[in-house]
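Enquirer: Requesting a structural model of the entry that follows:
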Amino acid sequence: MLFEVASGVAYLTVNRPEQRNAMTWAMYERLVEVCEEVDRDDRIKVLVVSGSGDRAFISGTDISQFPAFRGNPQAGVEYEERIDRVIGRLEGVRKPTVAAIRGFAIGGGMTIAIACDLRLAAEGATFGVPVIRLGNCLSMKNYARLVALIGPARAKEMIYTARHVSAREALAWGLVNEVVPAAELAERVRELAEGIASAPPLTLRVSKEAIRRVVHRLLPDDPGRDLVSTCYNSADFQEGVAAFLDKRPPRWTGR
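Expert: Now for the predicted structure:
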């Protein structure tokens, strides 16, 4: 996780390109630490999140960590609540956040992107929620964030099909704010971030928090632990993980 500050803008780069920038537990915790640092440092006006290389923004959580869930009926709930804490901390950063997206923004990577305030994508970027390939699910909060951005019909389409949505389609859906040629992404992100950094900080902070509160009205009172447990404690989830790691088609049983 690379971190630097220039001209009032903090740049966090997920630097694991050989694994398509898949996130480990330690990397998620580092993301929380960066959010804390951004809020503490008055010199920082905007946070930009990106992935190293051209293949991926962030391809989600490292699947090799999932077999450890076997035999622990609380593991799935604990995992989604842990992810909620991390994503919620990113969403709650008091300063504007921008996701600069190249390549794959998949699963947990897409939830990081949608927790940012703005999303700029390079042509060729793709987005997906591949939970049907593993047999797991999202948390209630991440379902709510997705629905708030693209509506229930599009959210269901992404989940039911697990297909990769192109950058141009994502723009039409409202999933991203802007699509630019890949060679121009870094410069366009810098230009946007530095422009926002020159705006009045209190107006930005209040506006961001006001919109966050509106979006959170979509959340039900029930955190949905029963729904998360249904997927993560299933034989299908164990089969989905095993099939992914073995590079074979899964055999679903509905149990």
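Enquirer: so how far is stretch 198-212 from its chain's centroid?
Expert: Centroid separation for stretch 198-212 versus its chain: 22 Å, with Cα atoms, centre = their mean, to the nearest Å.
Enquirer: Flag every buried residue along it.
Expert: 204, 208 (16 or more other Cβ atoms under 10 Å). Where you see a C-beta, it was placed from the backbone N, CA and C, and this is true even at glycine.
Enquirer: May I have that stretch exported as PDB, CA atoms only?
Expert: Below are the C-alpha coordinates for stretch 198-212, written out as PDB (Å, rounded to 0.1, in the frame of the first residue of the first chain):
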ATOM      1  CA  SER A 198      -9.000  24.400  -3.900                       C
ATOM      2  CA  ALA A 199     -12.700  24.400  -2.800                       C
ATOM      3  CA  PRO A 200     -13.900  25.600   0.700                       C
ATOM      4  CA  PRO A 201     -13.200  22.600   3.000                       C
ATOM      5  CA  LEU A 202     -16.300  23.100   5.200                       C
ATOM      6  CA  THR A 203     -18.700  23.200   2.300                       C
ATOM      7  CA  LEU A 204     -17.100  19.900   0.900                       C
ATOM      8  CA  ARG A 205     -17.300  18.200   4.400                       C
ATOM      9  CA  VAL A 206     -20.900  19.200   5.100                       C
ATOM     10  CA  SER A 207     -22.100  18.300   1.600                       C
ATOM     11  CA  LYS A 208     -20.400  14.900   1.800                       C
ATOM     12  CA  GLU A 209     -21.800  14.100   5.200                       C
ATOM     13  CA  ALA A 210     -25.300  15.300   4.200                       C
ATOM     14  CA  ILE A 211     -25.400  13.000   1.100                       C
ATOM     15  CA  ARG A 212     -24.000  10.100   3.200                       C
END
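Enquirer: ok, residues contacting it?
Expert: 45, 91, 92, 94, 95, 96, 117, 196 (Cβ atoms under 8 Å, 6 or more residues apart in numbering).
Enquirer: if we go to 10 Å?
Expert: Stretch 198-212 has contacts (Cβ atoms under 10 Å, 6 or more residues apart in numbering) with 7-8, 42, 45-46, 88, 91-97, 117, 148, 196-197.
Enquirer: confidence score at residue 69?
Expert: pLDDT for residue 69: 62.
Enquirer: quick one on the thing from earlier: from the contacts of stretch 198-212, keep the buried residues only.
Expert: 8, 45-46, 88, 91, 93, 95-97, 117, 148, 196-197.
Enquirer: Quick check: the farthest pair among those?
Expert: 8 and 148 (28.5 Å; Cβ to Cβ).
Enquirer: Now name the helix or strand holding residue 12.
Expert: Assessed by DSSP states H and E, residue 12 sits inside strand 9-14.
Enquirer: Same question for residue 57.
Expert: Element membership for residue 57, per DSSP H and E: strand 56-58.
Enquirer: Understood, closing this out.
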